[in-house]
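Trainee: predicted model follows, preceded by the sequence.
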Amino acid sequence: MSLGAILEARSALPQAPLRTTSRSTSVDAVWQEVRREAEAALVEEPLYAGIIQATVLDQRSIAQAFAYRLAHRLGDGDLSRLAMRDLCLAAFEADPHAGAHAVRDLVAIRERDPTCRRYLDPFLFYKGLAALEGYRVAHWLWHQGRATLALHVQSRISEVFGADIHPAARIGSGVFIDHATGVVIGETTVIADDVSILQSVTLGGNGKESGDRHPKIERGVLLSVGAKVLGNIRVGEGARVAAAAVVLHDVPAHTTVAGVPARVVSKLPRNEEPAQSMDQFFGDGI
């Protein structure tokens, strides 16, 4: 989904990924694979069989499975797990594309994270995926005028997963949030499809403005460990922001920026996809 499309309509159909992936992004195909992996995991680890059975094999769809898993992890604070499950399920069922968004997020992890053995692992355990799908519930609540509950979900995501994503932010699909710890995404941030975000990334305001004050991250961007992008600035398509960079101005498409404050240190071929390759090496300059 292009940045403009996300700005205009959150419910627009997701576009194809930047490149042809080696794995299906069909909701049914991925759901069946998750179920096959769950059945194998019952044999692999009998002590975890109850969780796997209840979370995956007893559910009729991937949307229901996500709702159940999120409720299990986010409930029992001020809201019970049952109430949280009903909220999550309502959010997933209200958006006809919610399952497709969740599947593209899941496939993104399988494609880009070399430690990921199977879909079941991020589905059950990865904080980044849980934080992102929890955000999608909070985002739906926010746009239903239920700000109190939206902020509650945001708060629980922060407490449980260590990521703070404002429910008003707009985030596309095929997004990979790796580790999640310390990630902060501000209220007016917009993130297009196929972006990769590593731990301790901040997409924040500059501390002086109100209104539209957060970054706009275009398609296929890689935001490396500890990168800080501050203010209503644009990071162009296919750009790479190096680890610990502090970005205060627009980043041209297909470039790498590094340093404090960040500056362009290399230009990338237009067919290079840093968010897909996760390659953080930027050489010795242009």
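Mentor: Perfect, I can see it now. Numbers count the residues shown, from 1 in each chain.
Trainee: hang on, His179 packs against Gly128?
Mentor: Yes: shown here, His179 and Gly128 form a contact pair, counting by CB atoms under 8 Å, at 6.3 Å. Quick note: C-beta positions are derived from backbone N, CA and C, even for glycine.
Trainee: the two: who's more crowded?
Mentor: Under the neighbour definition other CB atoms under 10 Å, His179 and Gly128 were set side by side, and Gly128 has more, 26 against 18.
Trainee: for Ala275, which non-adjacent residue is closest in space?
Mentor: Ser196 (4.1 Å; CB to CB, 6 or more residues apart in numbering).
Trainee: what are the phi and psi values at that neighbour?
Mentor: In this entry, Ser196 is assigned phi and psi values of phi -120, psi 130 (degrees, to the nearest 10).
Trainee: who does it bridge with?
Mentor: Taking DSSP bridges, one finds Phe176, Leu222 as the beta-bridge partners of Ser196.
Trainee: could I get the pLDDT score of it?
Mentor: As predicted, Ser196 sits at a pLDDT of 98.
Trainee: quick one, helices of the stretch 151-286 of the chain?
Mentor: Using DSSP state H, counting those that start in this stretch, the helices of the stretch 151-286 of the chain run over 274-277.
Trainee: any low-confidence regions in it?
Mentor: 283-286 (pLDDT under 70).
Trainee: could you rerun that using 50?
Mentor: Applying pLDDT under 50 to the stretch 151-286 of the chain picks out residues 286.
Trainee: re the thing from before, and the residue nearest to Ala275, what does it touch?
Mentor: Ala108, Arg112, Val175, Phe176, Asp178, Val221, Leu222, Leu223, Pro274, Ala275, Gln276, Met278 (CB atoms under 8 Å, 6 or more residues apart in numbering).
Trainee: do that again at 10 Å, thanks
Mentor: Counting by CB atoms under 10 Å, 6 or more residues apart in numbering, Ser196 touches 108-109, 112-113, 174-178, 220-224, 240, 273-278.
Trainee: identify the contacts common to His179 and Gly128.
Mentor: Residues touching both His179 and Gly128 (CB under 10 Å, 6+ apart) are Asp113, Phe161, Gly162, Ala163, Ile197, Leu198, Gln199.
Trainee: hmm, which of the contacts of Ser196 are the buried ones?
Mentor: For the contacts of Ser196, a burial check counting by 16 or more other CB atoms under 10 Å picks out 108-109, 112-113, 174-178, 220-224, 240, 273-276, 278.
Trainee: check which helix or strand covers Pro122.
Mentor: helix 120-125 (DSSP states H and E).
Trainee: residues of that helix that come out buried?
Mentor: By 16+ other CB under 10 Å, the buried positions in helix 120-125 come out as Leu120, Asp121, Pro122, Phe123, Leu124.
Trainee: what do you get for stretch 195-207?
Mentor: By 16+ other CB under 10 Å, the buried positions in stretch 195-207 come out as Val195, Ser196, Ile197, Leu198, Gln199, Ser200, Val201, Thr202, Leu203, Gly204, Gly205.
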